[in-house]
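**Q** Give me a model of this one.
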Amino acid sequence: MSLVADAGALAQAAVFNAVGQPVGCEPDRWSGAAWPPSLVLQGRFCRLEALDAARHGRDLFICLHADASRANWTYLNQDPFASLDAWQSWLASAIQAQRTCYYALIDVDSGMAQGMAAYMNAQPEDGCVEIGGVHFSPAMRRSRLSTEAMYLMLKQVFELNYRRCEWRCDAHNASSARAALRLGFTFECLWRQRRVSKGRNRDAACFSMLDHEWPARRLALERWLHPINFDAAGRQRCDLAHFMARQG
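**A** From the prediction side, this is the model:
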C-alpha cells in the first residue's frame, strides 16, 4: 500500500505575528473539548458500552481468541492470553489507564460483545483524541457492525467539541490503514522506529480527521449505513468510497 502525505497541502493557514513570522491562526470560536463520558452509544447494529472486565470479559475472550491462526493478534501490543483470568486481569488494568476510555462493542442482535475500542491519549485542552485499541472478532470484520461502531465513536468525538481525531497503527498493518482511509481519515506521516513491540521494530502510520472535515464524512457514513443501501441479504448496494467521493 502506497501512502503519500503532502506537507504543504496538509498545513493549516497561517497569519504573521508582530515580527513578521508565520504562526498558526487562532481556533475559530473553539472553547475546549469535554472528557468522553461513560454513556451508551446506541446504533442499529451495534451498541457501545463502557467496558467492564467482569461483564464483558468472557464474551471478548471467546470471540477474540476464536481464530485458531491468531492472526488478529499480530499487530497488537499483546499476545493471545492463556486463560480467561489473565485476560480479565489485563482488561481491568487497561481500563484504568490515564487519558483512556474503553468500550465494549455489542452486537445488537445477539447481545454479545464482539469487539473493543477506546479513546486514547485524550487531550481536551487541545481538542485532540485518538481512536485506538481496536480489536474486532472475525464476525465483526468487514461488517455494518464494525463501521457503525467507528461512526458512533467519531460522532461523539466531534459532538464533544474535539478538533482532531487520530488513528495510528503499525505501518505493516495494511487492513488498519485501509480502514482509516475508508472511514475518511487523512494519512499524515510515518513515525519510523517508533517502538519495539514483541521484539520487533514498529513503525507507526499516523492518520487524522479534523472537525471541519467531519460533516461530510458523517453524511457519507450515514448514507452508507442507511437500510436502503443494503439488499435483503445484507449486501451493500454502494460501497463507502462511493459516498465519500460524492461528499468531496
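**Q** count of neighbours near residue 37?
**A** When neighbours are counted by other C-beta atoms under 10 Å, residue 37 registers 9. From N, CA and C alone the C-beta is placed, and that goes for glycine too.
**Q** Please, where are all the helices along the chain?
**A** 7-10, 53-64, 84-95, 144-159, 174-183, 214-225, 240-247 (DSSP state H).
**Q** Just name the most buried of these.
**A** Comparing these by mean neighbour count (mean count of other C-beta atoms under 10 Å), helix 144-159 ranks first with a mean of 21.
**Q** Identify the residues contacting the residue lying closest to residue 136 once chain neighbours are set aside.
**A** Spatial nearest neighbour of residue 136, chain neighbours left out: residue 115 (4.2 Å); criterion: C-beta to C-beta, 6 or more residues apart in numbering. The contact partners of residue 115, taken as C-beta atoms under 8 Å, 6 or more residues apart in numbering, are 60, 63, 64, 104, 105, 134, 135, 136, 137, 140, 146, 149.
**Q** Now stretch 163-171: average pLDDT?
**A** In this model, stretch 163-171 has an average pLDDT of 96.
**Q** who's in contact with it?
**A** 27, 30, 33, 75, 121, 126-132, 154, 157-158, 176-177, 180, 183, 185, 190, 197, 202-211.
**Q** Quick check on those: which are buried?
**A** Among the contacts of stretch 163-171, those classed as buried by 16 or more other C-beta atoms under 10 Å are 33, 75, 127-132, 154, 157-158, 176-177, 180, 183, 185, 202, 204-211.
**Q** Identify the spatial nearest neighbour of residue 151, chain neighbours not counted.
**A** residue 221 is the one closest to residue 151 (C-beta to C-beta, 6+ apart), at 4.6 Å.
**Q** Was I right to think the one you found contacts residue 240?
**A** Yes: with contact defined as C-beta atoms under 8 Å, residue 221 and residue 240 form a contacting pair (7.2 Å).
**Q** what sits in contact with each of the two?
**A** 147, 183.
**Q** related to what we said a few turns ago, for the contacts of residue 115, could you give me CSV that also reports distance to residue 50 and pLDDT?
**A** Output for the contacts of residue 115, formatted as CSV (distance: C-beta to C-beta, whole Å; pLDDT from 0 to 100):
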residue, distance to residue 50, pLDDT
60, 14, 98
63, 18, 96
64, 18, 97
104, 8, 98
105, 12, 98
134, 16, 97
135, 16, 97
136, 18, 96
137, 19, 95
140, 19, 92
146, 19, 96
149, 14, 98
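**Q** Centre of the chain to stretch 135-150, how far?
**A** Between the centre of stretch 135-150 and the centre of its chain there are 11 Å (C-alpha atoms, centre = their mean, to the nearest Å).
**Q** What distance separates the opening and closing residues of that stretch?
**A** Start-to-end span of stretch 135-150 (C-alpha to C-alpha, to the nearest Å) is 12 Å.
**Q** Then stretch 14-23?
**A** 5 Å.
**Q** next one: stretch 13-28
**A** First residue to last in stretch 13-28 (C-alpha to C-alpha) measures 12 Å.
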